[in-house]
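>>> 3D model of this:
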Amino acid sequence: MIVERLENGANVILKNRKDVSSVSVQFWLKAGALWENAKNRGIAHFLEHMVFNGTRNYPPGTIEQIVENSGGEINAATSYDYTYYYITIPKDHVSTAIKLLKELVFYPLLLSEMVEKERPIVLEEIARSENDPRQIFWRNFYKRVFEKVNYRYPILGFRDTVQSLTDRDLKEFHQKNYHASNLTVTVVGNIDEEEVFSLVKEELLDLPSGKTNVPPSVTEPELKPGNEVTKHPAVANAHVLIGWKLPGLSQGVDAAVLSVLESYLSYGKSSAFYQEIVENQIAYAAMGVKDLFLSSGLFYIYGITEPSKVEIFKDKALDIIKSSIDRDAFELAKKKVLKTEIFKRESVESEAEELGYSVTLFGSLDYYKKLIKEIEELTLENFLKGMEFLKDNCLQMTLLPEGGIR
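A predicted model of the protein is given here:
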């Protein structure tokens, strides 16, 4: 594996995989909704849409057509802490993929007429989310957990902010955030690492440097406890969330402990929630989930149940996480999460994602390299110590059908 930082600040990670015949090329930018403000909420996601609307050398749709004609696929995703673009393609087209992604990501035209063409598509996404009571419920949950940091706002933005965005706004956000110092390129697949590195270096070195994005300096207050209930006629079952606020990935949160906790509660039919909640028909589904970001994080329990069983579900779920865990159950949870982490790296696309995520967020491969090792070395004693946050304040929110508990 080659891991290099170029003179202009761009990170390059290349990994040869002789067991496959494809390659995944990914361009990661440390530029997501975390770096938006009150006036431009949704601009990171809008920009992700806009780069597919024509570049200096390719009319709209041409890059996608080239990729598809070569037997590949192209797509992108926006999160809070990053945005990434990828092409997964047969190995003989790796050079094409690198050149096309550079063109797509760094040289979009962002024309005003294309902004007006794309705007209704993004507004329709927002409208769908605003008309879905479950999405509104989740949005309100995150807004209650996070009081100051941008994780409290939807990545899609709001109708009024997206409506007001101009081509100038998009160009300014692109210029400020899409540069070599925020870039990580990962290439995983059947490649000659040295040959591809020379190609990547040649393509990237003319990109300008800039100021590397760092998380905004915002201190999140402690979570305010609560037990809130909302009702909506368009839901048939009760949806329950119980959440705890955590430090972020840049603040020393223990991802290994949380990964094993997820596994213990939720992975498969041997998990505690399935055995004690789903099997006993207390809920149709139940899970414990970590959601970690650079500047903050949370762990939550989510369940779907009958309205009349909401309190039974909450009592049982909280009882499970507060009960002692025996060594056998702990070791099984470790085994399951290790298998999941290893399997995640089997496809070239997923492994490139893991590498890009680690370097984009942390500036190195430490997270990628250490997580599996930290899970393997985690002891029951340290696991139980790491779960002590569950004694802290929690927020409970419930979405019920109109008419409430019956």
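
>>> low pLDDT regions in the stretch 301-406 of the chain?
403-406 (pLDDT under 70).

>>> Can you show me the helices along it?
310-322, 327-344, 348-362, 366-377, 380-386 (DSSP state H, counting those that start in this stretch).

>>> Which of these sits closest to Ala77?
Evaluated with CB to CB, the helices of the stretch 301-406 of the chain place helix 348-362 nearest to Ala77, the distance being 9.4 Å. All C-beta spots, glycine's among them, are computed from the backbone N, C-alpha and C.

>>> What helices and strands are in contact with that closest one?
strand 11-16, strand 22-29, strand 83-90, strand 183-189, helix 327-344, helix 366-377 (3 or more CB pairs under 8 Å, 6 or more residues apart in numbering; DSSP states H and E).

>>> hmm, who's touching it?
If you take CB atoms under 8 Å, 6 or more residues apart in numbering as the criterion, helix 348-362 is touched by 3, 11, 13, 15, 17, 20, 22-26, 28-30, 81-82, 84, 86, 88, 184, 186-189, 249-250, 294, 344-345, 364-369.

>>> List only buried entries from the residues you listed.
Buried by 16 or more other CB atoms under 10 Å: 11, 13, 15, 17, 20, 22-26, 28-30, 81-82, 84, 86, 88, 184, 186-189, 249, 294, 345, 365, 367-368, out of these.

>>> wait, which of the helices of the stretch 301-406 of the chain is closest to Asn40?
Using CB to CB, the helices of the stretch 301-406 of the chain put helix 348-362 closest to Asn40, at 21.3 Å.

>>> That closest one: which residues count as buried?
Residues of helix 348-362 classed as buried by neighbour count (16+ other CB under 10 Å): 348-349, 351-361.

>>> Name the nearest of the residues you listed relative to Val337.
For those, the minimum distance to Val337 (CB to CB) is 14.5 Å, reached by Glu354.

>>> picking up where we left off before, quick one: closest of the helices of the stretch 301-406 of the chain to Lys102.
The closest of the helices of the stretch 301-406 of the chain to Lys102 is helix 348-362. By CB to CB, the value is 15.4 Å.

>>> distance between stretch 335-344 and the chain's centre?
Its chain's C-alpha centre and that of stretch 335-344 lie 18 Å apart, by CA atoms, centre = their mean, to the nearest Å.

>>> Pull the residues that contact it.
So stretch 335-344 is in contact with 259-260, 262-263, 267-268, 270, 350-351, 354, 371-372, 375-376, going by CB under 8 Å, 6+ apart.

>>> Go again with 6 Å.
Ser259, Val260, Ser263, Tyr267, Ser350, Ile372, Ile375 (CB atoms under 6 Å, 6 or more residues apart in numbering).

>>> mind checking how far the third one is from Ala236?
Computed as CB to CB, to the nearest Å, the Ser263 to Ala236 distance reads 30 Å.

>>> neighbour-wise, which of the two wins?
Neighbour totals were compared for Ser263 and Ala236, and Ser263 leads with 26 against 9 (other CB atoms under 10 Å).

>>> could you say which helix or strand contains that one?
According to DSSP states H and E, Ser263 maps onto helix 255-266.

>>> Hmm, Tyr264 is touching Leu332, no?
No: the pair Tyr264 / Leu332 is not scored as a contact, 8.0 Å apart, by CB atoms under 6 Å.
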